[in-house]
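*Asks:* sequence-free structure coming up:
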């Protein structure tokens, strides 16, 4: 797990550009740094920076010095450069240094991620004649590309973003994992320099960079709290490579790239649904076996591993499975878990966390994210996140990873991805009811709605609204939201025309209003929701030099679950049905039967309405001051007062304005 950077151009550039790109992400890889530069295509590389020796560096007569300053190369302008910050997880020796080369220095890579099945791939590659000098997954990845080209990608089980330069063919290749666990951004400058990076802030010091707002994506965030649901970012001209995609081009074709525009990419992976024909009991067995193997693979590391524990189904399942695996291996080391709690009872998960701790005997660590520190740290969190974030739950997660770092843990397992595939969100209720309606299973629909009332307190009217939201045309559904005070496309407090955006609900274009549980699940896994959560998780973990691994996003598990019938996942108001049943005897029964859902939540509603309404008003107005008059102060304060007084329902809207203002100020964003 690391941070990567690089650029390619047809004209010469200052070698110091790669240092300026790599320096802002030292937090992603505090263990080592390295650079490789090329004066022209197919030339021998210039290697400098860092303290370790890259494979093959000596014996080939390259211009190499471990301590050499890139500043001394200013007279040697370059057209291509890779940079790397290393967080050492597998093979901690100098042989893991990056950028790394392979096959007589034909291929060069800068890579962020983990290939969990690298041992199996290495054995296969050795049988094909490949030899290895290290024990890293990086070298296995390079050998896989040398052997199979882009065909290596479906063979990989892991998370990644990487760039590979083929010196012999003068081709440039970047790739991202199936579900976008690891980030990869790019920008084409007005002078056709193609730059890529792990974080957007790495582009700031590049020539002709301008931090300009992307109006439509800013609108999506301010009104609906959405980011990362397209290949665009809130920075105009900055794009992220889509999950499951790659870009490959001949470097001599760089002049054909359009500045500040997306580059054509190719999908190497598409998540589709293959119907599962087995019984529910068989499905539970397959689910448990696949999840267990996924967790086992993600325990491969040469450093200490811990787990996030919120007390919910997903993280508790991981902790309990890990505990069983350690017991079977007679491992005397106690698993470490990290949790957030609060003194506000209805938002407090401590009692559920303690149930899991008691059952497993883990070494548990706790943190109470306080309101006092929220605004002291929010500016720093915004800088790490690169973009505004939708609620203070990100602050709670930040504190959990900070706690893990203080305990010297370098790898954490977390439960992201379970809700999206297992219908864990209550937003799936509408898709479930819609599917039953379309199949003319109206008696079952009534039973489902009745169960939702019994298990979750939803009235039949609310269930009808869930159903309508998935069945009615966009215009009618949006009008109903205005009547019921839900988020709608044209709030009075936003100056949409000044922003320059089109008022529309982005969830319709991402498929988040699909009238099918399976289609909605695929949408959330690939086009909405999950990418935003993974963005926050990556930045919060890497800000503290921690690698976060997500076992529920093993592609084998996702493909299995997506194919399950709807009732295996959501039935009579019970979400994640197959997970609950498959974990019998592993999870504490009280956890398996939980119907509420919080996660790493903060008592944001209590902070706003009861504990610090005046502070919240001040911070909201400070945010409005920073947004260049795209938010109407008078209308928003009326809206805010109603929320504080309880006249309208609580939402995260006030925090979005605070976060958005901090983001514009932090990065000097202009409209």
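*Replies:* Great, that's in hand. What you are looking at is a predicted structure, and each value in this text was computed from that prediction instead of being measured.
*Asks:* thought residue 286 was touching residue 560?
*Replies:* Yes: in this structure residue 286 lies within contact range of residue 560 using C-beta atoms under 8 Å: 6.1 Å. Just so you know, the C-beta spots here come from the backbone N, C-alpha and C atoms, and that holds for glycine as well.
*Asks:* mind pulling up the pLDDT for the residue nearest in space to the middle of the chain?
*Replies:* For the chain, the residue nearest the mean C-alpha position is residue 534 (1.6 Å; C-alpha atoms, centre = their mean). For residue 534, the pLDDT comes out at 97.
*Asks:* measure it to residue 552 for me?
*Replies:* 12 Å (C-beta to C-beta, to the nearest Å).
*Asks:* name the residues contacting each of the two.
*Replies:* Shared contacts of residue 534 and residue 552 (C-beta atoms under 8 Å, 6 or more residues apart in numbering): residue 416.
*Asks:* any idea how far residue 104 lies from residue 167?
*Replies:* Residue 104 sits 9 Å away from residue 167, going by C-beta to C-beta.
*Asks:* higher neighbour count, those two?
*Replies:* Taking other C-beta atoms under 10 Å, residue 104 and residue 167 do not tie; residue 167 has more neighbours (20 against 10).
*Asks:* next up, the contacts around the nearest residue to residue 368 once chain neighbours are set aside.
*Replies:* Closest residue to residue 368 apart from its sequence neighbours, by C-beta to C-beta, 6 or more residues apart in numbering: residue 341 at 5.8 Å. Neighbour list for residue 341: 348, 349, 350, 353, 366, 367, 368 [criterion: C-beta under 8 Å, 6+ apart].
*Asks:* hang on, the earlier thing: which stretch of helix or strand covers the residue nearest to the centre of the chain?
*Replies:* For residue 534, the element it lies in under DSSP states H and E is helix 530-542.
*Asks:* and the contacts of that helix?
*Replies:* 1, 3, 27-28, 87, 179-183, 199, 226-229, 243, 381, 384-387, 389-390, 394, 397-398, 401, 412, 414, 416-417, 420, 524, 547-548, 550.
*Asks:* give me the buried subset of these.
*Replies:* Buried members of the contacts of helix 530-542, counted by 16 or more other C-beta atoms under 10 Å: 1, 3, 27-28, 87, 179-183, 199, 226-229, 243, 381, 384-387, 389-390, 394, 397-398, 401, 412, 414, 416-417, 420, 524, 547-548, 550.
*Asks:* out of those, which are inside helices?
*Replies:* Within the buried ones among the contacts of helix 530-542, membership in helices is found for 381, 384, 385, 394, 397, 398, 401, 420, 524, as judged by DSSP state H.
*Asks:* just name the closest of these to residue 670, please.
*Replies:* residue 385 (19.5 Å; C-beta to C-beta).
*Asks:* ok, now which ones touch that closest one?
*Replies:* So residue 385 contacts 394, 535, 536, 539, 540 (C-beta under 8 Å, 6+ apart).
*Asks:* hmm, 7 Å instead?
*Replies:* Neighbouring residues of residue 385 by C-beta atoms under 7 Å, 6 or more residues apart in numbering: 536, 539.
*Asks:* measure it to residue 538 for me?
*Replies:* In terms of C-beta to C-beta, residue 385 sits 9 Å off from residue 538.
*Asks:* same deal with residue 577?
*Replies:* Residue 577 is 30 Å from residue 538, where distance means C-beta to C-beta.
*Asks:* swap in residue 293?
*Replies:* For residue 293, the distance to residue 538 - C-beta to C-beta - is 24 Å.
*Asks:* more neighbours, these two?
*Replies:* Ranked by neighbour count (other C-beta under 10 Å), residue 293 and residue 538 place residue 538 first, with 25 against 14.
*Asks:* tell me where the model's unsure across the stretch 251-400 of the chain.
*Replies:* Within the stretch 251-400 of the chain, the ranges that satisfy pLDDT under 70 run 330-332.
*Asks:* and the strands in the stretch 51-200 of the chain?
*Replies:* For the stretch 51-200 of the chain, applying DSSP state E, counting those that start in this stretch gives strands covering 63-65, 78-86, 100-102, 107-115, 158-166, 171-176, 185-188, 194-197.
*Asks:* columns mean pLDDT and mean neighbour count on top of these, output as TSV?
*Replies:* What follows is the strands of the stretch 51-200 of the chain, written out as TSV (pLDDT from 0 to 100; neighbours: other C-beta atoms under 10 Å):
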stretch	mean pLDDT	mean neighbour count
strand 63-65	46	15
strand 78-86	93	27
strand 100-102	92	25
strand 107-115	96	26
strand 158-166	97	24
strand 171-176	96	22
strand 185-188	98	22
strand 194-197	98	24
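*Asks:* can you put these in CSV and add distance to residue 40?
*Replies:* Output for the strands of the stretch 51-200 of the chain, formatted as CSV (distance: least, C-beta to C-beta, whole Å):
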stretch, distance to residue 40
strand 63-65, 14
strand 78-86, 6
strand 100-102, 17
strand 107-115, 15
strand 158-166, 13
strand 171-176, 14
strand 185-188, 21
strand 194-197, 16
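*Asks:* the helix of greatest length in the chain - contacts with which helices or strands?
*Replies:* In the chain, with assignment by DSSP H, the single longest helix is helix 280-297. With contacts defined as 3 or more C-beta pairs under 7 Å, 6 or more residues apart in numbering; DSSP states H and E, helix 280-297 has these neighbours: helix 313-328, helix 555-562, helix 577-582.
*Asks:* how much does that helix deviate in direction from helix 555-562?
*Replies:* 160 degrees (axes from the mean of the first three to the mean of the last three C-alpha atoms, to 10 degrees).
*Asks:* tell me the buried residues in helix 280-297?
*Replies:* 283, 284, 286, 287, 288, 290, 291, 292, 294, 295, 297.
*Asks:* now the fifth one. Nearest residue, chain neighbours left out?
*Replies:* The one in question is residue 288. Closest to residue 288 by C-beta to C-beta, 6+ apart is residue 582, at 4.1 Å.
*Asks:* near that neighbour, how many other residues are there?
*Replies:* 24.
*Asks:* surely it and residue 290 touch.
*Replies:* No: using C-beta atoms under 7 Å, residue 582 is not in contact with residue 290, being 9.7 Å away.
*Asks:* what does the average pLDDT come to for the longest strand that the chain contains?
*Replies:* Selection of the longest strand in the chain by residue count, based on DSSP state E, yields strand 2-13. What strand 2-13 shows for mean pLDDT is 93.
*Asks:* how far off centre is whichever helix or strand comes after it?
*Replies:* The helix or strand immediately downstream of strand 2-13 is helix 16-22, counting by DSSP H and E. Mean-position distance between helix 16-22 and its chain equals 25 Å (C-alpha atoms, centre = their mean, to the nearest Å).
*Asks:* after helix 16-22 comes which helix or strand?
*Replies:* Assigned by DSSP H and E, the successor of helix 16-22 is strand 32-38.
*Asks:* now for the next helix or strand after that next one, which elements pack on it?
*Replies:* Next in sequence after strand 32-38, counting helices and strands by DSSP H and E, comes strand 46-48. Judged by 3+ C-beta pairs under 7 Å, 6+ apart, the packing partners of strand 46-48 are strand 32-38, strand 63-65.
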